[in-house]
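**Student:** I need the structure of the sequence given here:
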Amino acid sequence: MALIVQKYGGTSVADPDRMRNVAKHIAALRAQGTDVVAVVSAMGKATDNLVELARQVSSNPQGREMDMLLTTGERISMSLLCMALHDVGCDAMSFTGSQVGIITDTSHTKAKILEIKGDRVREALAAGKVAVVAGFQGVSTEREITTLGRGGSDTTAVALAAALKADACEIYTDVTGVFSADPRLVPQARKLKELSFDEMLEMAGAGSKVLALRSVEFARNHNVPIHVRSSFTWEEGTWVRGIDEERKRKMEEPIISGVVHDVGEAKMTLLGVPDRPGVSALLFESLAAANVNVDMIVQNTSIDGTTDISFTLPIGDIKTAEPILKKVGDEVGATGINKDENIVKLSLVGAGMKSSPGIAAKMFRVLADNGVNIEMISTSTIRISVVVERTQLEKAVRALHTAFDLDSGEDYSAPLPDRK
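**Tutor:** Numbers count the residues shown, from 1 in each chain. The predicted structure follows:
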């Protein structure tokens, strides 16, 4: 019997009607003889509302208590979905992350999964039940409730699919798949039929919000096929999976899969740093110890024995990083620090790029012709990323999308429920 793990995001279970629609869909699949594990997020904006509530009572909520608070959102969803399943004649049983045996490290609000036991889920499936699991959460090695950070329900679903050896993991959301660009900025963006794990990893890392980066890492490491679909239309979406021989041949062509942007990053610079060994190590070791995620790094050419070190990081990490830069700067004799939140990271992603010279040159020319200045550059074998001023975002994304022949003939900019 086939086993499918399905994840339903907040918009998919946002209200009682949506919850009942999901229950009917699961029941129909179960009636076809497929075992189903459903992972659910909190309803609608429930998590955001809980975060705001915490901020109203505390200026600096403790990580442990935030985890205890935020996990209640998914527990509400799992219970209600089980009730809806029972009403359509489908036997179901709900589980929290700790009941499933999702074991994490001890890092509150950003915990990483170490192991999934899954015995109770297997028992429920063997008894003919649908297992409904609260996403985004687990229990630490010190027996504390933890949350997995942004996109944690995606990670829960894929990790469960790997542990249970599921045939596929379906991620249901409010978009019909992964697109070549954000349809809100580029109405002519194309829905992609298929992506490799590496392409999706680069897109997620570059700012695509459709799938959480850690969920794609799990999928690649355990070869779990992911199907990104819409719970509003139930139509075929985008498959993310390993590469077969036919796709390997196609990837020799200079194909660009998408233009991705990330407005959630800022740039910080340590100014006038003495140009000597160990300074960069001290800076980035200190940031790593504080769990600050650094992305792009640029060190300027030394002038008169000093240099500037710039890097990008999530905007939310600025408050943590700022005192670290000041401390390191004082220790090494830097002249100051600078921060810039008015930036955006733009990336071209495509597996065919690694064997196709000239992609970077064309990207830079397109941006130059549109008056867009490049502040930072980084590359991988299948990605080129640049940092530009945020006010240039829309113009830059549309120009690149058109220049690399990604435009489609269909307008995807309309809100999904209104699209015919």
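**Student:** What segments of the stretch 101-250 of the chain are strands?
**Tutor:** 102-104, 113-116, 130-134, 137-140, 145-147, 168-173, 194-196, 226-230, 238-241 (DSSP state E, counting those that start in this stretch).
**Student:** winner for burial among the ones you listed?
**Tutor:** Mean neighbour count, computed with mean count of other Cβ atoms under 10 Å, is highest for strand 130-134 among the strands of the stretch 101-250 of the chain, reaching a mean of 28. In short, each C-beta sits where N, CA and C put it, glycine included.
**Student:** out of the strands of the stretch 101-250 of the chain, nearest to Pro16?
**Tutor:** Distance to Pro16, taken as Cβ to Cβ, is lowest for strand 130-134 among the strands of the stretch 101-250 of the chain, at 15.8 Å.
**Student:** So which elements touch that closest one?
**Tutor:** On a contact count with 3 or more Cβ pairs under 8 Å, 6 or more residues apart in numbering; DSSP states H and E, strand 130-134 meets strand 35-40, helix 63-87, strand 92-95, helix 97-100, helix 119-126.
**Student:** Next, the angle from the longest one to strand 35-40.
**Tutor:** Taking axes from the mean of the first three to the mean of the last three Cα atoms, to 10 degrees, one finds helix 63-87 and strand 35-40 inclined to each other by 130 degrees.
**Student:** So which elements touch helix 63-87?
**Tutor:** By 3+ Cβ pairs under 8 Å, 6+ apart, helix 63-87 packs against helix 16-31, strand 35-40, helix 46-57, strand 92-95, strand 130-134, strand 137-140, strand 145-147.
**Student:** mean pLDDT lowest for which of the strands of the stretch 101-250 of the chain?
**Tutor:** When mean pLDDT is averaged over each of the strands of the stretch 101-250 of the chain, strand 194-196 scores lowest at a mean of 92.
**Student:** What pairs with it, parallel or antiparallel?
**Tutor:** strand 238-241 (parallel) (DSSP bridges).
**Student:** contacts for stretch 284-302?
**Tutor:** Contacts to stretch 284-302, defined as Cβ atoms under 8 Å, 6 or more residues apart in numbering, come from residues 107, 110, 265, 275, 280, 307-314, 317, 320-321, 324, 327-328, 345, 376, 378, 385, 387.
**Student:** Which among the strands of the stretch 101-250 of the chain is found nearest to Gln6?
**Tutor:** strand 168-173 (4.6 Å).
**Student:** what residues are up against the most far-flung residue of the chain relative to its centre?
**Tutor:** Going by Cα atoms, centre = their mean, the residue of the chain most distant from its centre is Asp304, 42.1 Å out. Residues near Asp304 by Cβ under 8 Å, 6+ apart: none.
**Student:** how much space between Asp17 and Phe232?
**Tutor:** Remark: distance between Asp17 and Phe232 (Cβ to Cβ, to the nearest Å) = 12 Å.
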